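**Student:** Coordinates for the following, if possible.
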Amino acid sequence: MPTSRTPARKPAAPAAAAADAIALLSADHQAVAKLHKKFERLVKAKAPASERGAVAQQICHALTLHATAEEEIFYPPVRAAIGKPDLMDEADIEHACAKDLIAQIESLSPEDDKYDARVIVLCEYVAHHVEEEETEMFPKAKRVKTLDMQALGEAIAARKAALAAELGIEPDGAAAKSRPTSRRTTRPNTAVGRRA
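**Tutor:** Numbering: from 1, shown residues only. Next comes the predicted model:
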């Protein structure tokens, strides 16, 4: 029999546990891949430079947050645990190359020659890097029982939030409302590093 009583509210759930490190990093990879597709659609549609630039900025910011946390929090214990220095060295070099492209993109205007090409090459480069991480590094790291993926995930989330606040960007990589979306003249050394 129906009643006029309002449904009881569900009890508040305990604070959700942070995602483990690999789930968190994989979610970042997916987010950047979506932004890449969005950027390519804008280029194909000959969208205004301001629209393309805003998405490119999101890509650069997301990669900066992701890669910095990955380099500082995830890579060191994984390097020590999996015993594959060549794999980790390659990741370091790939991050360095991505940093270079990000610095180029952030120093340009979306109207500049080869701006769109730089963003697309960055995204394609990162996609290659992501494939290697997700098919080689992450499976090896998952097999190491001494790596606390939950604790690493919490540390990665905290580092990304702190860096986002420091750089004045949203944790999802979007530009903060209080900061202009024009290019930056200086770039912190902690930005995108090795693997994205």
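
**Student:** Low-confidence bits of the chain, can you list those?
**Tutor:** In the prediction, the chain carries residues with pLDDT under 70 at positions 1-18, 171-196.

**Student:** Could I get the full set of helices for it?
**Tutor:** Across the chain, reading from the start of the chain, the helices by DSSP state H fall at 21-44, 49-69, 75-82, 85-107, 115-132, 138-143, 149-167.

**Student:** which other helices and strands contact the fifth one?
**Tutor:** Right, helix 115-132. helix 21-44, helix 49-69, helix 85-107 (3 or more C-beta pairs under 8 Å, 6 or more residues apart in numbering; DSSP states H and E). For the C-beta atoms, the positions are set from N, CA and C on the backbone; glycine is no exception.

**Student:** Most tightly packed of the helices of the chain?
**Tutor:** A comparison of these by mean neighbour count, using mean count of other C-beta atoms under 10 Å, puts helix 49-69 on top with a mean of 23.

**Student:** Could you check the angle it makes with helix 75-82?
**Tutor:** If you take axes from the mean of the first three to the mean of the last three C-alpha atoms, to 10 degrees, helix 49-69 sits at 50 degrees to helix 75-82.

**Student:** what helices or strands is helix 49-69 leaning on?
**Tutor:** Contact analysis of helix 49-69 by 3+ C-beta pairs under 8 Å, 6+ apart lists helix 21-44, helix 85-107, helix 115-132, helix 149-167 as its packing neighbours.

**Student:** Relative to the whole chain's centre, how far out is the last one?
**Tutor:** The chain centroid and the centroid of helix 149-167 are separated by 11 Å under C-alpha atoms, centre = their mean, to the nearest Å.

**Student:** could you give the angle of it to helix 21-44?
**Tutor:** Between helix 149-167 and helix 21-44, the angle formed by their directions is 40 degrees, by the same axes, to 10 degrees.

**Student:** same thing with the third one?
**Tutor:** Our comparison of helix 115-132 with helix 21-44, counting by the same axes, to 10 degrees, yields an angle of 150 degrees.

**Student:** Many thanks, I have nothing further to ask.
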